[in-house]
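Enquirer: build me a structure from this.
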Amino acid sequence: MVAPSSAPAADTAATFPQREIPIRSRSRTQHLTRSLVRAGQFQLKLLGLKARILAKKLILSAALSAGAILFGLVGLVFTYIFLFRLLTDVAGLAVVWTWLIFAAVHVLTAMVFMLIVANIWKSSASKEAKP
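Expert: Numbers count the residues shown, from 1 in each chain. As a prediction, the model looks like this:
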């Protein structure tokens with residue numbers, strides 16, 4: 001292990017004098033140009049890396065969203081099967097009336113959605129008409 005030196009920094013500077021190397025103005029501009037080019041190349045590499053990471057995130061998000069939609073639809077199918085069995089087997093309704101109930105619920109839901117959409121369009125049209 002090397003023991004730390006107790007000599008002051010001024011003695012070190014006197015022992016090893018620093019000399020400034022003169023740089024011509026042309027080499028300064030070349031050095032600046034090279035530095036800027038290297039910085040630009042580095043920034044391009046960074047942007048490329050960020051773009052690749054973003055693309056991977058988007059692909060993964062799309063795949064997971066598609067899986068979630070698929071499992072949601074499968075769950076909806078099983079819910080319909082459960083309701084059908086509940087109405088026919090447990091409640092004792094005829095199959096025809098069960099299908100009629102399902103159709104009525106879907107028609108009423110579609111009508112509610114259409115009323116909501118009409119209300120949205122009406123409110124946005126009235127907002128645009130006001131100065």
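Enquirer: past the top helix by length along the chain, which element shows up next along the chain?
Expert: Criterion DSSP state H: the longest helix present in the chain is helix 25-85. For helix 25-85, the following helix or strand on the C-terminal side (DSSP states H and E) is helix 95-129.
Enquirer: for that next one, name the packing helices and strands.
Expert: Contact here means 3 or more CB pairs under 8 Å, 6 or more residues apart in numbering; DSSP states H and E; on that basis helix 95-129 packs against helix 25-85. Glycine gets a C-beta too; all of them are placed from N, C-alpha and C.
Enquirer: what is the helix it packs on packed up against?
Expert: helix 95-129.
Enquirer: okay, buried residues for the helix it packs on please.
Expert: Neighbour counts using 16 or more other CB atoms under 10 Å place residue 98 of helix 95-129 among the buried residues.
Enquirer: gap between that helix and the chain center?
Expert: Here helix 95-129 shows a centroid-to-chain-centroid distance of 32 Å under the convention CA atoms, centre = their mean, to the nearest Å.
Enquirer: on that earlier part again, between the longest helix of the chain and helix 95-129, how many degrees?
Expert: If you take axes from the mean of the first three to the mean of the last three CA atoms, to 10 degrees, helix 25-85 sits at 140 degrees to helix 95-129.
Enquirer: any idea of the mean pLDDT in helix 25-85?
Expert: Average pLDDT, helix 25-85: 94.
Enquirer: likewise for stretch 111-126?
Expert: Here stretch 111-126 scores 92 as its mean pLDDT.
Enquirer: put the alpha carbons of that stretch into PDB.
Expert: Listed next in PDB are the C-alpha coordinates belonging to stretch 111-126 (Å, rounded to 0.1, in the frame of the first residue of the first chain):
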ATOM      1  CA  MET A 111     -81.000   1.700 -27.400                       C
ATOM      2  CA  VAL A 112     -79.400   3.100 -24.200                       C
ATOM      3  CA  PHE A 113     -76.100   3.400 -26.000                       C
ATOM      4  CA  MET A 114     -77.600   5.100 -29.000                       C
ATOM      5  CA  LEU A 115     -79.400   7.600 -26.700                       C
ATOM      6  CA  ILE A 116     -76.100   8.300 -25.000                       C
ATOM      7  CA  VAL A 117     -74.400   8.900 -28.300                       C
ATOM      8  CA  ALA A 118     -77.200  11.200 -29.500                       C
ATOM      9  CA  ASN A 119     -76.900  13.200 -26.200                       C
ATOM     10  CA  ILE A 120     -73.200  13.500 -26.700                       C
ATOM     11  CA  TRP A 121     -73.600  14.800 -30.300                       C
ATOM     12  CA  LYS A 122     -76.400  17.100 -29.200                       C
ATOM     13  CA  SER A 123     -74.400  18.600 -26.400                       C
ATOM     14  CA  SER A 124     -71.300  19.000 -28.600                       C
ATOM     15  CA  ALA A 125     -73.300  20.700 -31.400                       C
ATOM     16  CA  SER A 126     -74.800  23.100 -28.900                       C
END
